[in-house]
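Visitor: compute the structure for the input listed below.
(chains A and B)
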Amino acid sequence: MKKLEVKQATKIFGKSPKRGLELLKKGLSKQTIKEKTDLNVGVAGATFNVESNEVFVIMGLSGSGKSTLVRLLNRLINPTSGTILIDGEDITRMNPEQLRTVRRKKISMVFQGFALFPHRTILENTLFGLEIQGVDKKERADHARQALERVGLKGYEDSYPDQLSGGMQQRVGLARALASDTDILLMDEAFSALDPLIRKDMQDQLLDLQSEMQKTIVFITHDLDEALRIGDRIALMKDGQIVQIGSPEEILMNPANEYVEHFVEDVDLSKVITAGQIMARAEAINCDRGARVALQLMNDNGISSIFAVDRSKKLLGVVDADDAAAAFKAGTPLSEIIQQVNPVQVDTHLNDLFEDISKSALPLAVVDEQGRLRGIVKRAAIINALAGNTALTEEEDVKSV
Amino acid sequence: MNETFLPKIPIGHWADLLIQFITNHFEGFFGYIASGIQSFVDSLVWLFAFMTPIVFILLCVAIAFWRRGIGVALFTLIGLVLIYDLGYWAHAMQTFALVLTSVVLSILIGFPLGILAGINKTFHRIMTPILDFMQTMPSFVYLIPAIFLFGTGMPPGVVATIVFAMPPTIRMTGLGIRQVPSDLIEASDAFGTTTWQKLIKVQIPIAAPTVMAGINQSIMLSLSMVVVASLVGAPGLGADVYLAVTSLRTDIGVEAGLAIVIIAIMLDRISQNTRNKKTGES
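Guide: Residues are numbered from 1 along each chain as shown, chains lettered A, B, ... in the order given. Take a look at the predicted model:
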């Protein structure tokens, strides 16, 4: 379901900004418009949808317009043109009263500099949104306490913001946004001011919260690693325009243009690409078949061992050619010569495959959550992927005889 | 000087006409204000007299101790006892009443104006030159129209004091409101506050230390007006100093002056910022 629909949202700063719309229509760039006029294009024609329960990351360098774009979504900045629909309602046409209701009930925000009120205790900061809505005193305190507990700040209710570390302060910022129980959470560079270790903790915590609470999150960042880590989809911005929207893998594997390519060239691919994306089709044999069939299959495919599966394609292990030949002579069933292997999961990242593949002479078996064989990963595929010249593979069914 | 080709612009005459016009048409209105101020000051003086010096001194010491601690409390005790000992108690109470009335009215008028100047740029731009004018015009000048409008005695003294002492409260309130960090304003807006909620729950509390600094300055400025106000017949320590100057009495001058200084230091210390009292840091 579409939670948020943004159509051609444009923000131009300066006096009589409508002039700029014409120039943008003519296809002039942000720089040209700035040179020709005193207008500054913040966001130009941004169009995207955010689905319910999705983590949508807007990424770009400073000055790319990402902070302006996120402020258009709750109209902290009024768009010059375009429409912004929340649950199908156009917030650009709302009067102040309606807008306040949307801000109170539907969309809350976490800020880069935390923006905690210094004169209020942690609890008072957290219940701010509910206080504004006129929620009963006891109820708002209860909600706020729950939100604080969720972010791991139980026991700090009566402290003041300046007594807390940066990471803790941002947890309060998060709790304050959660306490209002809105569906949409806007996070403007929420973790950028934190040091790397704490940032990673916060990202983990956000992902945990997300799997628990199922919010719709719009996350702004300039950090590609962060975007790849937490984003279901990523929109990449440059000069006020969205250059590409896609899943982390799509952005990495099929950059839309040189800018995106340049942006992603330093990414540590081994932390992004998963086994499922580089696996090849696996030859497998059903363990009910005989050793002769196994030998035949290996011979046909030019391999010296073959993975064995049961009828539901669940991985049982591997059968060696020498063992199969011996079993064929002795007439033993195939199930007795299967050797155990350690399979990897479809969503295992490349950097977790290195050790396994270096120890094993065989390709790695890739299985899904039910333990069914989905494919194999060969050494060459890993090296190819790290070199960046792999096309995404479609998941194929394992062929078994 | 008058023989230039430029005819003299009759600004003084206009001011004269304006005051005449106001006196003729609004005399009743200003009469009400004058009697209102008079009765407010009178009731304060009565209250201080009713309290007796001992209760008054103990009350001040208690407030000083609560606000600032033992040092200021001790100073207040010694200072007030000294004023009593020198025989200026009654006059000191009149001065106290004058200052208190002026400061209360300064805050009542200045605080809302300051907030308006803080949130509205146009109003701020209009207000700034007016405040400059109020503060730099020699304070004696206010006395002349004040006599026409409010007669003599305490009321014109209070009014002239307010005009002179109010600007810091307006300025600092406006400054405090404007200095609230923009991300806090954004956060407040993002949670759907009305203008009023934002003002009460975010802007004013965060501006409070700056506002207090402005009020502190207003208090000090109204004390500096005490002697000037005595020129139009406002009673109190200022009148003693004025008398000492006109009759060249060093003894009275020094004693009454000292009493003013004691009250000034006491009020200044009590009204000064005690920052971060809540978080226990200073």
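Visitor: which stretches in the stretch 51-200 of chain B count as strands?
Guide: Here the stretch 51-200 of chain B has no strands by DSSP state E, counting those that start in this stretch.
Visitor: return the residues in contact with the most centrally placed residue in chain A.
Guide: Taking Cα atoms, centre = their mean, the centroid of chain A lies closest to residue A:231, which sits 1.8 Å from it. By Cβ atoms under 8 Å, 6 or more residues apart in numbering or on different chains, the contact list for residue A:231 reads A:55, A:56, A:57, A:59, A:219, A:247, A:248. To be clear about C-beta, it is placed using only N, CA and C from the backbone, and glycine gets the same treatment.
Visitor: tell me which of these fall in strands.
Guide: Within those, residues falling in strands by DSSP state E are A:55, A:56, A:57, A:59, A:219.
Visitor: the residue nearest to the fourth one when sequence neighbours are not counted and residue A:189: what is the separation?
Guide: Pointing back at residue A:59 there. Leaving aside its chain neighbours, residue A:59 sits nearest to residue A:227 (4.4 Å; criterion: Cβ to Cβ, 6 or more residues apart in numbering or on different chains). Per Cβ to Cβ, to the nearest Å, residue A:227 is found 11 Å from residue A:189.
Visitor: thought the residue nearest to residue A:59 was touching residue A:60?
Guide: No: using Cβ atoms under 8 Å, residue A:227 is not in contact with residue A:60, being 9.8 Å away.
Visitor: hey, what's in contact with both of those two?
Guide: By Cβ under 8 Å, 6+ apart, no residue touches both residue A:227 and residue A:60.
Visitor: hang on, residue A:193 is in a helix, isn't it?
Guide: No: looking at residue A:193 with DSSP: H, G, I helix; E, B strand; the rest coil, it is coil, so not inside a helix.
Visitor: so it sits against residue A:112, correct?
Guide: Yes: using Cβ under 8 Å, residue A:193 is in contact with residue A:112, at 5.8 Å.
Visitor: the more surrounded of these two?
Guide: Ranked by neighbour count (other Cβ atoms under 10 Å in any protein chain shown), residue A:193 and residue A:112 place residue A:112 first, with 19 against 16.
Visitor: and the nearest residue to residue B:160 once chain neighbours are set aside, what pLDDT?
Guide: Counting by Cβ to Cβ, 6+ apart, the nearest residue to residue B:160 once its immediate chain neighbours are dropped is residue B:142, at 4.1 Å. Looking at residue B:142, its pLDDT stands at 83.
Visitor: count of residues packed around the residue in the stretch 151-300 of chain A that chain B sits nearest to?
Guide: Proximity of the stretch 151-300 of chain A to chain B (Cβ to the nearest Cβ) peaks at residue A:160, 4.9 Å away. For residue A:160, the number of neighbouring residues by other Cβ under 10 Å comes to 21.
Visitor: wait, it touches residue A:118, no?
Guide: Yes: using Cβ under 8 Å, residue A:160 is in contact with residue A:118, at 7.0 Å.
Visitor: okay, and residue A:108 sits in which element?
Guide: Per DSSP states H and E: residue A:108 is located in strand A:107-110.
Visitor: tell me the mean pLDDT over that strand?
Guide: Rounded mean pLDDT across strand A:107-110 is 94.
Visitor: got the contact list for residue 171?
Guide: Going with chain A. Residue A:171 neighbours (Cβ under 8 Å, 6+ apart): A:151, A:152, A:153, A:202, A:205.
Visitor: I was thinking of chain B, sorry if that wasn't clear
Guide: Listed by Cβ under 8 Å, 6+ apart, the contact partners of residue B:171 are B:114, B:131, B:214.
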